[in-house]
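Participant: Pasting the sequence and the predicted coordinates here, then a few questions.
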Amino acid sequence: QLQLVESGGGLVQPGGSLRLSCAASGFTLDYRAIGWFRQAPGKERERVSCISSSGGSTNYADSVKGRFTISRDNAKNTVYLQMNSLKPEDTAVYYCAARGHYCSGPLREYNYWGQGTQVTVSS
């Protein structure tokens with residue numbers, strides 16, 4: 001079964017940190033760009049970050065630049081999202097998704113999605 005599984009979410013105070021993981025099973029991430037998305041209640045899904053298959057190219061939403069870092073360990077078939085200086089507005093369900101080698105292109109080209117992990121930033 002081909003699937004992505006997110007983990008690492010939870011409740012954290014403002015200013016705190018979390019590291020999310022996106023692990024693949026049933027297929028290799030070696031040839032896949034991976035995006036992280038989030039969706040808060042009543043809001044549209046937002047792309048947070050993406051990393052190319054080689055790891056040589058990354059991009060970030062303006063709202064998280066300088067605070068979040070995406071990385072990958074192909075040996076572990078896992079992509080990470082390190083989130084620092086968290087704010088209440090970062091509260092959302094975070095999803096990872098896989099597409100072809102590169103991050104550019106429409107949302108519909110993400111063809112594997114995880115089930116999501118909840119991140120709540122609150123005091």
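Facilitator: Perfect, I can see it now. Numbers count the residues shown, from 1 in each chain.
Participant: What pLDDT does the model give residue 25?
Facilitator: The per-residue pLDDT reported for residue 25 equals 89.
Participant: now the nearest residue in space to it that is not next to it in sequence: how far from residue 55?
Facilitator: With Cβ to Cβ, 6 or more residues apart in numbering as the criterion, residue 25 has its nearest non-adjacent residue at 5.5 Å, and that residue is residue 3. Where C-beta positions appear, they are placed from N, C-alpha and C, glycine not excepted. Going from residue 3 to residue 55 by Cβ to Cβ, to the nearest Å gives 22 Å.
Participant: ditto for residue 1
Facilitator: From residue 1 over to residue 55 the distance is 26 Å, taken as Cβ to Cβ.
Participant: Sticking with the residue nearest the centre of the chain, tell me its helix or strand.
Facilitator: Taking Cα atoms, centre = their mean, the centroid of the chain lies closest to residue 36, which sits 2.5 Å from it. Under the criterion of DSSP states H and E, residue 36 resides in strand 33-39.
Participant: Please put the alpha-carbon coordinates of that strand into PDB.
Facilitator: Output in PDB follows, covering the C-alpha atoms of strand 33-39 (Å, rounded to 0.1, in the frame of the first residue of the first chain):
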ATOM      1  CA  ALA A  33       9.300  16.500  -4.500                       C
ATOM      2  CA  ILE A  34       7.500  16.800  -1.200                       C
ATOM      3  CA  GLY A  35       5.300  19.600  -0.200                       C
ATOM      4  CA  TRP A  36       4.000  20.500   3.200                       C
ATOM      5  CA  PHE A  37       0.500  22.100   3.400                       C
ATOM      6  CA  ARG A  38      -1.700  23.300   6.200                       C
ATOM      7  CA  GLN A  39      -5.400  23.900   6.600                       C
END
